[in-house]
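Undergrad: Could you look at this predicted model? Sequence included:
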Amino acid sequence: MENPPITIASKSKAEKRKKSSLWGQVLQRFLKKKIALVGLGFLLFIFLFSLIGPFFSPYATEGVNPTQINLPPSSEHWLGTDKLGRDVLTRLMFAGRISLTVGVGAMVLSVTFGALLGILAGYYKGIIDQIVMRIADILMTLPSLPLLFIMAAVMSEWKVPTEQRLYIVMLMLSLVGWPGLARLVRSQVLSLRERQFIQATDALGLRDHRKLLNHLLPNIVPLLIVSGTLSIGGAILSESVLSYFGLGVVPPTASWGNMINAANSLIDFQKRPWLWIPPGIAIFLTVISINLLGDGLRDAIDPNMKRR
Amino acid sequence: MAKEPILQINQLLTQFYSDGGKVNAVNNVSLEIREGQTVCLVGESGCGKSATAMSVMGLIDPSSGQVSNGEVLFEGQDLLKMKKGDLRRLRGKDFAMIFQEPMSSLNPVLTIGEQITESIIEHELLSKKEAKQRGLELINLVGIGRGEEIFSSYPHQLSGGMLQRIMIAIAISCNPRLLIADEPTTALDVTIQAQILDLLRNLKEERNMSMLLITHDLGVVAEVADYVIVMYAGKIIEQGPVVELFKNPKHPYTKGLLAAKPVINQRREKLYTIPGQVPNLIDLQPSCYFSERCEHCMSICTTKQPPMKQIRDSHDVACWLYEEEVSV
Amino acid sequence: MRNYVLKRLLYLIPTLIGASMLIFFLYSLVPGNFVDSDPNLTTERKAELYALYGFDQPDIERYFIWIGNLLQGDLGYSLQFQRPVTEVLGNYIWSSFFVALASLILTWLIAVIIGVVSATKQYSFFDSFITIIVFAAMATPSFFLGLILIKFLAVDLGWFPAGGMITTGSNLTGWDYVKDVAEHMILPVLVLTMLGIGGLTRYFRTNMLEVIKQDFVRTARAKGLKERVVIYKHALRNALLPAITLFAFELPALFSGAIITEQIFNWPGIGAIYMQAFTVRDYPLLMGFTMFIALLTVISNLLADLLYGVADPRVRLK
């Protein structure tokens, strides 16, 4: 029997397609999303700007300089100076560190809580499910903003040192953030439970923690990555609201939100927009980049959504 | 034989977009349906049967594919060259279609009556009242009683078989001359299947419609077809009158299909299956697309596409076996 | 149907109790109380209030006193206004409600139209443009947007009033009054609309894209219906159905969104009152407002479910 080379060629091509791993395919699809890549690029830029930026700045963080107060943007101070003579651009970088830290920290906490409780609720069902979901219901009944405000007020009353407020804010944000995530994870777990491969682990007699860690968790990781990414944006926005109203991170620690607070002074608001517009734009760019990235990741990870 | 073709498809090429480029779902397909004739389009799922029907209807979703070439002549007019609005006015009126899944093919939030009458009102200048009258007659005609009750109920209240009858009622509501049925019985219970087929056959006779029936079920084909077209990987590989084709199949694939069909009096130890799988349409090289699975595969089969060859009166086959037979 | 409503109502009770406990105990974490911190109160009045709100009792009992009063419609006594909280809320809620309602209608109208159009023209220029706008709207902090609008449109260009509900010192009546209030409403409504429109537009677009792929839409096309009928009669109805639930979610969210916009635009509604209450630590008012929002959320959810039941034949007839 002759075996013409064409058949071999076409076969090996097909094999190659099969071989590329699941995550490899995700990466390939992701790389096709130009707009998500733009988001990723911007985000990297903002991270570098905040983390490494200050090292290139000739001005110190709290570089108070009474001779150079309230200067408009110039070649020396690209974004001008504030009422204490601090360089706004440098302050923007340091504020970025805080805002990004809060965003990422809150995300890590709420993903951890949300995933853990969601898996437990979905896997064990019954009483655990009832308790977890009831608490989630209650937290979701209260709109997040008033809830955050109350917690922030309590924090202020307890006179939490300013440098620690940042961590409390993270915790607060994760407290309002986890219920939504837990719900998502729970419903995913519930539907996975019914699938054959998880039922097969029952038949194999695997221990609970092995089933949960080795079989269930990997299947919800994509969901966690997408929701986690998107939740960073939400956390940064919430932090900025709290800090703008003086209830989140408070000066002297700078955050983008509390920098906009300058707009509360009538003269700064009208005559010195360089004090409060740049942090607002920084928030906008960061959040939009995160959302574009998260959206691209969602499309890349979930092939059913590919054509949307 | 003097009857004019009601539908004539010439060299139809329909392509779908995929990550790996364009895929020829319907590859150079030509066929014709005469007045009063029932033509069956047979093949495995994914062979381009439905894509052919959707191309005729002009319903290929523009975000997923397009008709790239060919002619679709309906009573002499090329549907592909028609303005969208003109095509729309013919669709549902002169030619209509019923689908595989009756459960999901009707709008869940509109009543059955609304869905029957709206196409009547759209195509024929009837008042709401007259349309309702026609609708009730149609419900009766497709063999469901309790017309008034059905008229005001919602799809989820009816069974799959009843819904398919409703779909048929909608399709024939404006007296089409061609009915395209895409796997109309596949989603239904076996007992219901026979009823639906009977209904379709009777309606076709009574109303002198032509029918293009798409199916993978050879039992259905034997039951209703006048003429059979076998498709494989987007191409027609064999076509002929139903008796001739069943008696005297030429293409190894057609033979395989017929052999794979269990026959009650001839139980065998093992059911026959065609080895291998349908090729991935993206990877296709110029060759006979069935060659990889064919037990008679020759070297020419893997390098060159076989042309369509007339074997007997209106029995054609595309296979190198017969090409050589002739040339020898 | 009646049993279902009753069941749902009963189901609400534990959630509301949980929410009230959460609110109460969060506030009870605050050291001191509003009676002690008010220098204007006489000693007798203080003793009176102590007894009324049970500040001499342990937290648990105070909770039951609070709940007991709550059930009788008594949300406590506002320190700042020297009036019952219910009265204060009642006074200010309507101005918030009008802004919320205007923005709710605007948001839905725009979101439905844009969502549907960009879904039917997927990947067109319009679609991409809208996608970018939607992302931008979702990434802008609403207080910052408010500030920018005030700075440029109100202060620099003078197109709109910068804040408040009526022109200060004006004495307008009748139609002129309505016009004046409407002018002051424009910017707050705009910001509140921006707050909700991104998510909703995306929701509609995705929903429409989902529905358009359904078999029954193909059937509608196969019947030869006009594309307009296919989209607006067959597809949109199905895409709108699940959104009814969202509609109810929106209302409480708008009231809490009002906290920001009213503060920025100095609009005299419950949001602004809420923020003022924070500065003076007027806890009865804060607790009352939060409980009010919780109640509103719960009732809206119930309403949403019932509305959905009425709108969707598949649920209705069960």
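TA: Received the coordinates, thanks.
Undergrad: Residue C:305 touches residue C:244, doesn't it?
TA: No - in this structure, residue C:305 is not within contact of residue C:244 by CB atoms under 8 Å, at 9.1 Å. For the C-beta atoms, the positions are set from N, CA and C on the backbone; glycine is no exception.
Undergrad: what residue is smack in the middle of the chain?
TA: You didn't pick a chain, so chain A it is. Computing the C-alpha centroid of chain A and ranking residues by CA atoms, centre = their mean puts residue A:232 first, at 1.5 Å.
Undergrad: oops, I was thinking of chain B
TA: The residue at the geometric middle of chain B, judged as the C-alpha nearest the mean C-alpha position with CA atoms, centre = their mean, is residue B:214 (2.7 Å).
Undergrad: Can you measure across stretch C:149-159, start residue to end residue?
TA: Stretch C:149-159 has its terminal residues 10 Å apart, counting by CA to CA, to the nearest Å.
Undergrad: What is the neighbour count of the nearest residue to residue C:264 once chain neighbours are set aside?
TA: Here the nearest residue to residue C:264 in space, its sequence neighbours aside, is residue C:146; by CB to CB, 6 or more residues apart in numbering or on different chains that works out to 3.8 Å. When neighbours are counted by other CB atoms under 10 Å in any protein chain shown, residue C:146 registers 26.
Undergrad: contacting residues for residue C:146?
TA: C:187-188, C:191, C:260-261, C:264-265 (CB atoms under 8 Å, 6 or more residues apart in numbering or on different chains).
Undergrad: ok, so of these, who is nearest residue B:11?
TA: Minimum separation from residue B:11 among the contacts of residue C:146 (CB to CB) is found for residue C:191, which lies at 59.4 Å.
Undergrad: about what we covered before: shouldn't the residue nearest to the centre of chain A be in contact with residue A:108?
TA: No - judged on CB under 8 Å, residue A:232 makes no contact with residue A:108 at a distance of 9.4 Å.
Undergrad: quick one: the strands in chain C?
TA: Under the criterion DSSP state E, chain C contains strands at C:77-78, C:83-84.
Undergrad: What pLDDT is listed against residue A:282?
TA: Note for residue A:282: predicted pLDDT of 91.
Undergrad: Which residue, other than its chain neighbours, is closest to it?
TA: Beyond its immediate neighbours in the sequence, the residue positioned closest to residue A:282 (CB to CB, 6+ apart) is residue A:256, lying 5.3 Å away.
Undergrad: re earlier: deepest-packed of the strands of chain C, please.
TA: Between the strands of chain C, strand C:77-78 has the highest mean count of neighbours, a mean of 24, where neighbours are mean count of other CB atoms under 10 Å in any protein chain shown.
Undergrad: Kindly provide the distance from residue B:53 to residue B:210.
TA: According to CB to CB, to the nearest Å, residue B:53 and residue B:210 sit 13 Å apart.
Undergrad: cool, residue C:233 as well?
TA: Between residue C:233 and residue B:210 the distance, using CB to CB, works out to 31 Å.
Undergrad: ok so, going back, output the strands of chain C as TSV; include the columns mean pLDDT and distance to residue B:124.
TA: Supplementary listing: those in TSV, determined by pLDDT from 0 to 100; distance: least, CB to CB, whole Å:
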stretch	mean pLDDT	distance to residue B:124
strand C:77-78	78	69
strand C:83-84	84	68
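Undergrad: For the helix or strand residue A:291 falls within, list every residue counted as buried.
TA: When elements are defined using DSSP states H and E, residue A:291 is found to belong to helix A:277-301. Of the residues in helix A:277-301, A:277-280, A:282-301 count as buried by neighbour count, 16 or more other CB atoms under 10 Å in any protein chain shown.
Undergrad: again with stretch A:159-179
TA: Of all the residues in stretch A:159-179, those buried under the rule 16+ other CB under 10 Å are A:160, A:165-166, A:168-170, A:172-179.
Undergrad: and those as TSV, adding pLDDT?
TA: What follows is those, written out as TSV (pLDDT from 0 to 100):
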residue	pLDDT
A:160	77
A:165	85
A:166	86
A:168	86
A:169	89
A:170	89
A:172	89
A:173	90
A:174	91
A:175	89
A:176	88
A:177	88
A:178	90
A:179	90
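Undergrad: Now distance to chain C and secondary structure too, for those, in JSON lines please.
TA: Supplementary listing: these in JSON lines, determined by distance: CB to the nearest CB, whole Å; DSSP: H, G, I helix; E, B strand; the rest coil:
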{"residue": "A:160", "distance to chain C": "12", "secondary structure": "coil"}
{"residue": "A:165", "distance to chain C": "16", "secondary structure": "helix"}
{"residue": "A:166", "distance to chain C": "18", "secondary structure": "helix"}
{"residue": "A:168", "distance to chain C": "13", "secondary structure": "helix"}
{"residue": "A:169", "distance to chain C": "15", "secondary structure": "helix"}
{"residue": "A:170", "distance to chain C": "18", "secondary structure": "helix"}
{"residue": "A:172", "distance to chain C": "11", "secondary structure": "helix"}
{"residue": "A:173", "distance to chain C": "14", "secondary structure": "helix"}
{"residue": "A:174", "distance to chain C": "16", "secondary structure": "helix"}
{"residue": "A:175", "distance to chain C": "11", "secondary structure": "helix"}
{"residue": "A:176", "distance to chain C": "12", "secondary structure": "helix"}
{"residue": "A:177", "distance to chain C": "16", "secondary structure": "helix"}
{"residue": "A:178", "distance to chain C": "14", "secondary structure": "helix"}
{"residue": "A:179", "distance to chain C": "12", "secondary structure": "helix"}
